[in-house]
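Engineer: Give me a model of this one.
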Amino acid sequence: MPCPLRNALPARRAFPPVLPQQVQAGILNILSSIGISHSLISAVRRRATGDRVVLWVGVTLILVLMFLVYRWTHGGIMGRPSLPQE
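Structural biologist: The predicted model follows:
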């Protein structure tokens, strides 16, 4: 039995894949048309790249610190913490 909704649904259209460079070029055209200069766009891009580097360095340092604290409290690399003598 054919599906009664088949004719009611719009046909799927195959859109060609859009490359990231095409998207970036389109965004640059839009930003240029509203008056944002290319130097400002470049400055924003550099800032975003620098922020991404700072983020991943921070994530790495925090993970290493958490690992070292875990190993210190559960024995391992730096040994067990000393307990008070009775």
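Engineer: low pLDDT regions in the chain?
Structural biologist: Low-confidence segments of the chain (pLDDT under 70): 1-15, 75-86.
Engineer: And the strands in it?
Structural biologist: Counting by DSSP state E, no segments of the chain form strands.
Engineer: Identify each of the helices in it and give its residue range.
Structural biologist: In the chain, the helices defined using DSSP state H lie at 20-33, 38-73.
Engineer: Next, the angle from the shortest one to helix 38-73.
Structural biologist: Between helix 20-33 and helix 38-73, the angle formed by their directions is 130 degrees, by axes from the mean of the first three to the mean of the last three CA atoms, to 10 degrees.
Engineer: in helix 20-33, what counts as buried?
Structural biologist: Within helix 20-33, no residue counts as buried by 16 or more other CB atoms under 10 Å. Where you see a C-beta, it was placed from the backbone N, CA and C, and this is true even at glycine.
Engineer: counting contacts, what elements does that helix pack onto?
Structural biologist: Using 3 or more CB pairs under 8 Å, 6 or more residues apart in numbering; DSSP states H and E, the elements in contact with helix 20-33 are helix 38-73.
Engineer: Give me the buried positions along the helix it packs on.
Structural biologist: Buried-residue list, helix 38-73, by 16+ other CB under 10 Å: empty.
Engineer: What helices and strands are in contact with it?
Structural biologist: helix 20-33.
Engineer: Convert the C-alpha atoms of the helix it packs on to CSV, please.
Structural biologist: Extracted as CSV, the C-alpha positions of helix 20-33 are listed here (Å, rounded to 0.1, in the frame of the first residue of the first chain):
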residue,chain,number,x,y,z
PRO,A,20,34.1,26.5,3.3
GLN,A,21,36.0,28.9,1.1
GLN,A,22,32.8,29.7,-0.8
VAL,A,23,31.0,30.4,2.6
GLN,A,24,33.9,32.6,3.7
ALA,A,25,33.9,34.5,0.5
GLY,A,26,30.2,35.1,0.8
ILE,A,27,30.5,36.3,4.4
LEU,A,28,33.4,38.7,3.4
ASN,A,29,31.2,40.1,0.6
ILE,A,30,28.3,40.7,3.0
LEU,A,31,30.6,42.3,5.6
SER,A,32,32.2,44.5,2.9
SER,A,33,28.8,45.6,1.7
